[in-house]
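Novice: Next come a sequence and a model predicted from it.
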Amino acid sequence: MLVALPWRARARLWLQGFRPAVAPVDRAEVLRSGAGALLGLLLTAVLARFVVRDVHAAVWLIAPMGASAVLLFAVPASPLAQPWSLLGGNLVAALVGVACQQWCPLPWLAPALAGGLAIGAMLALRCLHPPSGAVALTAVLGGPAIHQLGFGYVLWPVEANSLLLLSCALLFNPAAGRRYPHGPLPRPAGPLPPQAHTTGFSAEDLDQVLRRHHEVIDISREDLEDILHETEEVAFRRRFGQLSCAEMMDAEVPAVEFGTALEDAWRLLREGRLQALPVVDRARRVIGTVSMAEFVEHAQPERFAQVGPSLGQLIRRTFSTHSELPEVVGQIMNRRFWQVQATQPVIELVPLMREQKLAQLPVVDEQQRLVGLLTQAQVLDALYRTAGPLPPPP
């Protein structure tokens, strides 16, 4: 902790806080931000000036719009740059500023009241917008040209400038490949795709940590969660992403065909202690799987006590020419199954096996031919070997 450091180390860390932060922004983003602010302010000024032709310049375009342009075009993903923050924040700040200018007779107190009350109101209404603090001060310190407008200052020029600048941002940012307004993306329903990695924290864990901070963080909760998940996934892949399925699978895997007798398939399941058998065609492409679950399902016992006799009747060969019971694997196999590529990293199977509750997976090559079988135990063994043994307990 910082308090445990010597005073020289604390002073050095404090001074390092004055250095400029290294922002990971490329040149294209710098050009987009500058061009967006230029176009936004230019169009706002031209349109406002076209409407109001006979008044002082300070009335048709106010300086806080420059600060708003920084947020809308340089950091459009910030919660402080969203439409409600801009419109609501400027509206509240303008109302508070005009009220303090008219009703507070002390010129040294009115600006402080305007700034403090505006910030409190914006936080309460969830429309915090830093340039709105300047909007409140402009209402107090803007001079006669602003003061004579009274509460009309709220609608013109504050809200009019805000709407014009917001319209430019709504057009420019999507055209530049940005998502604006920057709301949360819809979450896909159902299980995660095989390439997704389920990380070790939940949304509730993140909410609990954010509540401990008791301060405004300039990033949305959804964006923060996505960044943390992606970072953990990158770290996980860097550590465990070297092993492929081909390196860990069992190459000699028993398989059955569509016409394999149920008796033979049952024997392979029992002797190999397998959860399921892949069913392949003549080119060894997987067309389904058969497990003990399919045998029990097609035995159709009326009561649990009859599972044994019903299952035995299903498995035994029938030598008659006609039978109502299924006789070959293709008649009971599961046609909805998962398979993975031999070149696929082993870590990509973790979320798939977890979400689908799979104990094993058939592995295929580029021609979709069966080349092996990978079990849950082999995946765990691969991760353990890559991570190394656990440290001894203290």
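Specialist: Okay, I see it.
Novice: is it true that residue 77 lies in a strand?
Specialist: No: Residue 77 is assigned coil when assessed by DSSP: H, G, I helix; E, B strand; the rest coil, not a strand.
Novice: What are the boundaries of the strands in the stretch 201-350 of the chain?
Specialist: With DSSP state E, counting those that start in this stretch as the criterion, the stretch 201-350 of the chain has strands at 256-257, 276-280, 286-291, 340-341.
Novice: show me where pLDDT drops low in the stretch 201-350 of the chain?
Specialist: 201, 214-216, 218, 236-242, 298-326 (pLDDT under 70).
Novice: in it, which spans are helices?
Specialist: With helices called from DSSP state H, counting those that start in this stretch, the stretch 201-350 of the chain shows them at 203-213, 221-240, 245-248, 262-272, 292-299, 307-315, 349-356.
Novice: Go through these and name the closest to residue 70.
Specialist: helix 221-240 (18.7 Å; CB to CB). In this view, the C-beta of every residue, glycine as well, is placed from N, C-alpha and C.
Novice: C-alpha coordinates for that closest one, CSV please?
Specialist: What follows is the C-alpha trace of helix 221-240 in CSV, where atoms were taken according to Å, rounded to 0.1, in the frame of the first residue of the first chain:
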residue,chain,number,x,y,z
ARG,A,221,-20.4,-0.8,-16.5
GLU,A,222,-21.1,-2.9,-19.6
ASP,A,223,-17.9,-1.7,-21.3
LEU,A,224,-15.9,-2.3,-18.2
GLU,A,225,-17.3,-5.9,-18.0
ASP,A,226,-16.5,-6.5,-21.6
ILE,A,227,-12.9,-5.2,-21.3
LEU,A,228,-12.3,-7.4,-18.2
HIS,A,229,-13.7,-10.5,-19.9
GLU,A,230,-11.6,-9.8,-23.1
THR,A,231,-8.5,-9.2,-21.0
GLU,A,232,-8.9,-12.4,-19.0
GLU,A,233,-9.6,-14.3,-22.2
VAL,A,234,-6.4,-12.9,-23.8
ALA,A,235,-4.4,-13.9,-20.7
PHE,A,236,-6.0,-17.3,-20.7
ARG,A,237,-5.2,-17.9,-24.3
ARG,A,238,-1.6,-16.7,-23.9
ARG,A,239,-1.1,-19.2,-21.1
PHE,A,240,-3.0,-22.2,-22.3
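Novice: could you give the angle of it to helix 349-356?
Specialist: For helix 221-240 against helix 349-356, the angle by axes from the mean of the first three to the mean of the last three CA atoms, to 10 degrees is 120 degrees.
Novice: Residue 370 versus residue 342, what's the distance?
Specialist: 10 Å (CB to CB, to the nearest Å).
Novice: Check residue 278 too.
Specialist: Here residue 278 is placed at a distance of 6 Å from residue 370 (CB to CB).
Novice: what is in contact with the two at once?
Specialist: Residues within reach of residue 278 and of residue 370 at once, by CB atoms under 8 Å, 6 or more residues apart in numbering, are 253, 255, 286, 362.
Novice: Mind giving me the ChimeraX command for buried ones among those?
Specialist: Remark: buried members of those, expressed as a ChimeraX selection using 16 or more other CB atoms under 10 Å:
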select :253,255,286,362
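Novice: center of this protein, which residue is that?
Specialist: Residue closest to the average C-alpha location in the chain (CA atoms, centre = their mean): residue 226, at 3.4 Å.
Novice: Could I get the contacting residues of it?
Specialist: Residue 226 neighbours (CB under 8 Å, 6+ apart): none.
Novice: is it true that residue 165 touches residue 66?
Specialist: No: assessed by CB atoms under 8 Å, residue 165 is found out of contact with residue 66, at 9.8 Å.
Novice: which residues do those two both contact?
Specialist: Residues touching both residue 165 and residue 66 comprise residue 41, with contact defined as CB under 8 Å, 6+ apart.
Novice: Looking at these two, which one has more neighbours?
Specialist: Legend: neighbour count by other CB atoms under 10 Å for residue 165 and residue 66, higher for residue 165 (26 against 14).
Novice: and the gap between the more buried one and residue 137?
Specialist: 19 Å.
Novice: before we move on, what about residue 175?
Specialist: Using CB to CB, which is the criterion applied here, residue 175 is 33 Å from residue 137.
Novice: And those two? Which one has more around it.
Specialist: residue 137 (22 against 10).
Novice: Name the SS class of that one, please.
Specialist: helix.
Novice: Show residues contacting stretch 245-252.
Specialist: In contact with stretch 245-252 (CB under 8 Å, 6+ apart) are residues 340-346, 349, 363, 371-375, 378-379, 381-382.
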